[in-house]
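[1] Just a sequence and a predicted model for now, questions to come.
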Amino acid sequence: MSMQLAGFVIETVEMHTGGEPVRIVCNLIEHIQGADILAKRRFMHEQLDAVRHLLMFEPRGHADMYGAVLVAPTLPGADLAVLFMHNQGYSTMCGHAVIALARFAVDSGRVQAQAPLTRVGIECPCGLVSAYVEVVDGKAGKVHFDSVPAFAFALELPVSVAGMGEVVVDIAYGGAFYAITTAAQLAVSLDGRLRDVVDAASALSAAVRQTIQVHHPAAADLGFLYGSIVTDGRETAADGCSRNICVFADAEVDRSPTGSGVTARMALRHAKGLVQTGESCQFESLTGARFSALVKQPVPLPGQQAVCVQVTGMAHYCGKASWSLEEGDQIGRGFLLR
């Protein structure tokens with residue numbers, strides 16, 4: 001790697017959105033090279049993956065830890081740029097992290113607060129995301145963001161899942177690709193044992209990857225299935241708040257309703273004619289956290305009927321930390337036990 005990890009102190013701000021952690025890495029900007037955000041993502045993976053192991057894995061993290069590494073922005077309109085990381089690698093988009101990062105940008109003075117709404121441009125691997133922070137009496141509060149172009153990729157796709165037989169799923173993109181189905185289809189309950197839901201969702205993701213190759217018209221790096229979303233079957237605004245569990249990466253469970261997942265679900269609902277433009281819907285996670293979302297408008301994307309989705313949520317601070325690795329501490333480089 002291009003930097004000596006032992007002895008280097010990594011500074012982070014610790015936040016959560018709906019219970020889902022956001023470990024913001026603040027002082028690696030000059031160490032991450034690349035002409036654009038996807039090049040920086042590749043550089044991080046190839047040259048600095050030891051940092052991901054250090055911060056996401058035990059003893060400093062855990063199997064469900066999530067991080068956001070600040071890098072130098074390259075797009076016009078971007079106030080900051082970020083790489084997302086987790087137990088398996090690097091995400092292309094993360095809505096819960098965007099919500100936290102937008103509030104962090106205003107509170108840290110990286111973007112000057114302006115009441116009643118402050119725009120924060122966040123360059124993500126999937127593209128530029130505009131977030132808007134509510135500012136009341138100089139304090140940052142709720143955040144909403146406008147998604148990158150989101151679309152339904154495959155509707156009612158039959159998939160043969162090991163141990164379950166045929167399961168019908170939809171696939172949609174909301175900054176990342178998700179397979180979406182109901183708990184009933186997988187013969188599990190969102191109120192039952194979480195391990196059963198995780199195992200079923202992981203088996204579904206594996207089966208979908210063997211059945212169909214997802215692809216994005218803008219960049220080959222975006223063309224992979226990130227995970228599966230298991231829902232309670234509620235799919236219209238009239239149905240009320242819909243609960244879901246998102247299982248992504250290596251069986252990682254999102255504690256929030258999942259910003260990119262909610263975006264994908266709204267694009268899917270709109271493609272099926274279940275929600276209209278401007279119609280607000282509510283989504284809830286296992287922690288009880290809620291995101292609201294609406295389809296703002298159609299947006300151009302070659303070969304797809306894409307929409308922009310607005311997602312609203314709230315992030316909170318947990319603290320700040322300084323992380324380091326002692327010389328000779330091989331176990332401290334990171335491990336996972338489950």
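    Looks like it came in fine.
[2] contact partners of stretch 312-328?
    Residues outside stretch 312-328 that contact it (C-beta atoms under 8 Å, 6 or more residues apart in numbering) are 5-18, 21-22, 54-55, 60, 95-96, 99-100, 103-104, 141-144, 256-257, 259, 289-293, 332-333. The C-beta positions use only the backbone N, C-alpha and C, and glycine is treated the same way.
[3] Residue 8: neighbour count?
    Residue crowding around residue 8 was assessed by other C-beta atoms under 10 Å; the count is 15.
[4] got a list of what it touches?
    Applying C-beta under 8 Å, 6+ apart to residue 8 gives the contacts 324-325.
[5] Shouldn't it be within a helix?
    No. According to DSSP: H, G, I helix; E, B strand; the rest coil, residue 8 belongs to no helix; its state is coil.
[6] Tell me how far it lies from residue 153.
    In this view, residue 8 and residue 153 are 41 Å apart by C-beta to C-beta, to the nearest Å.
[7] Please apply the same query to residue 123.
    For residue 123, the distance to residue 153 - C-beta to C-beta - is 24 Å.
[8] Make a PyMOL selection of the buried ones in the contacts of stretch 312-328.
    Buried residues within those, by 16 or more other C-beta atoms under 10 Å, are selected in PyMOL with:
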select buried, resi 10+12+13+15+16+17+18+21+22+54+55+60+95+96+99+100+103+104+142+143+144+256+257+259+289+290+291+292+293+332
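[9] among the contacts of stretch 312-328, which are in strands?
    Using DSSP state E, the subset of the contacts of stretch 312-328 located in strands is 10-17, 21-22, 141-144, 290-293.
[10] In this structure residue 60 contacts residue 54, no?
    Yes. Using C-beta atoms under 8 Å, residue 60 is in contact with residue 54, at 6.5 Å.
[11] shared neighbours of these two, anything?
    Common contact partners of residue 60 and residue 54 (C-beta under 8 Å, 6+ apart): 323, 334.
[12] residue boundaries of the helices in the stretch 1-150 of the chain?
    37-47, 49-56, 95-107 (DSSP state H, counting those that start in this stretch).
[13] Identify each buried residue in the first one, please.
    Spelled out, it's helix 37-47. In terms of neighbour count (16+ other C-beta under 10 Å), helix 37-47 has its buried residues at 37-38, 40-41, 43-44.
[14] Let me know the closest of those residues to residue 226.
    residue 41 (13.9 Å; C-beta to C-beta).
[15] now the closest one: how far from residue 81?
    For residue 41 relative to residue 81 (C-beta to C-beta), the value is 10 Å.
[16] What of residue 300?
    Residue 300 sits 23 Å away from residue 81, going by C-beta to C-beta.
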